[in-house]
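Enquirer: What would the 3D arrangement of this be:
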Amino acid sequence: MKIQQNIEEKIRSSLVPSHLEVINESHMHNVPPGSESHFKLVIVSPAFDELSRIQRHQKVNGILAHELKNDIHALSMETLTAPEWEKRDGKTMASPQCHGGSSGGSQDEPKDDT
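Expert: Numbers count the residues shown, from 1 in each chain. Sure thing, here's the model as predicted:
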């Protein structure tokens with residue numbers, strides 16, 4: 001839980017969110033048990049006022065630059081202002097199921113029988 005805690009601490013101190021969810025979704029992927037490689041963030045912060053969605057994501061990516069470079073394989077995020085969050089009634093989007101293959105390759109990949 002070290003990476004998840006680091007993410008939460010960095011986001012809290014940098015963006016001072018009114019709502020924050022740091023969800024480890026690694027269990028939904030083909031990784032060893034206990035992994036911390038796939039995360040979903042739901043962040044509601046006044047720091048996002050007047051920023052486009054791309055600018056919000058760039059801001060979060062900058063805060064988590066070290067983790068993205070060294071620890072995190074995948075990061076999804078919902079970055080919202082308080083009015084946007086209220087309009088959604090506090091509902092988040094469901095994460096899709098992983099379609100990644102095992103280390104043996106995807107069944108959809110053509111085989112080289114030469």
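Enquirer: For the rest of this, base every contact and every neighbour count on C-alpha atoms.
Expert: OK.
Enquirer: in this protein, which spans are strands?
Expert: Here the chain has its strands, by DSSP state E, at 19-24, 38-44, 74-80.
Enquirer: which stretch among those comes nearest residue 59?
Expert: Evaluated with Cα to Cα, those place strand 74-80 nearest to residue 59, the distance being 10.1 Å.
Enquirer: Report the contact partners of residue 16.
Expert: 45, 46, 47 (Cα atoms under 8 Å, 6 or more residues apart in numbering).
Enquirer: gap between the first one and residue 2?
Expert: When you say that, I think you mean residue 45. 23 Å (Cα to Cα, to the nearest Å).
Enquirer: and which of the contacts of residue 16 is nearest to residue 91?
Expert: Set against residue 91, the nearest of the contacts of residue 16 by Cα to Cα is residue 45 (15.6 Å).
Enquirer: any idea of the pLDDT on the closest residue to that closest one other than its chain neighbours?
Expert: Computed as Cα to Cα, 6 or more residues apart in numbering, the closest residue to residue 45 that is not its neighbour in sequence is residue 17, at 4.3 Å. Note on residue 17: pLDDT of 98.
Enquirer: got it, and residue 69?
Expert: Residue 69 is given a pLDDT of 93.
Enquirer: What number of residues are in the vicinity of it?
Expert: 9 (other Cα atoms under 10 Å).
Enquirer: next one: the one 10 residues further on
Expert: Taking other Cα under 10 Å as the criterion, the count of residues near residue 79 is 22.
Enquirer: Give the ranges of residues in the protein that sit below the confidence cut-off.
Expert: 1, 26-37, 96-114 (pLDDT under 70).
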